[in-house]
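Novice: sharing a model that was predicted from the sequence below.
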Amino acid sequence: MRRDPSGSSLTSQCLNDFAVLVRFLTDAANGDSARVGSSGEIALPSLEQRRRTPRLPLRVPCKLQLPDRAVSAELVDISREGFGVQCIRAWTERQSLTIVFEDGRRMRAVVVRASRDRAGLRLETPLAANDPLFVRARSH
């Protein structure tokens, strides 16, 4: 059985997530609207982190250099393998781009998930465990 970095089994995590989702769906099927906002948006329950490299919250301004333009963005979370960014939609899934930080540092990435104002980026080269971005995230 594969284990995550904390040592707990992934099967145990899946069972916990399963129980949370069953409870959520049962409540919804029974007409419970506690998780429905005034505009009709649904607040999904939180599930356990299963990434091999967990994400850490971090707010860092940056620019996304696309083939035809650069757009301002903000990193909202980081992991060794990628970033979550927030900005006006400027990308498509599987699009390559360059992340440019205020200090001039540049990183190549691919959009792996895109929504209206957020994107998940997978880095071409994973970050080192002692990368300054991790140092900064852990100090917050």
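Specialist: Sure, I can see it. Residues are numbered from 1 along each chain as shown.
Novice: just give me the longest helix of the protein.
Specialist: Identified as the longest helix of the chain according to DSSP state H is helix 10-29.
Novice: next SSE downstream of that helix?
Specialist: Next in sequence after helix 10-29, counting helices and strands by DSSP states H and E, comes strand 56-65.
Novice: could you pull out the buried residues of that next one?
Specialist: Using 16 or more other Cβ atoms under 10 Å as the test for burial, strand 56-65 gives 58, 60, 62, 63, 64. Using the backbone N, CA and C atoms, a C-beta is placed for each residue, glycine as well.
Novice: helices or strands next to that strand in the packing?
Specialist: Judged by 3 or more Cβ pairs under 8 Å, 6 or more residues apart in numbering; DSSP states H and E, strand 56-65 is in contact with strand 70-78, strand 96-101, helix 132-138.
Novice: averaging pLDDT over each of these, which comes out lowest?
Specialist: The minimum mean pLDDT among the helices and strands packed on strand 56-65 belongs to helix 132-138 (a mean of 89).
Novice: burial count for residue 82?
Specialist: Applying other Cβ atoms under 10 Å, we find 24 other residues in the vicinity of residue 82.
Novice: leaving out the residues flanking it, which one is nearest to it?
Specialist: Distances taken as Cβ to Cβ, 6 or more residues apart in numbering put residue 122 closest to residue 82, at 4.5 Å, once the chain neighbours are dropped.
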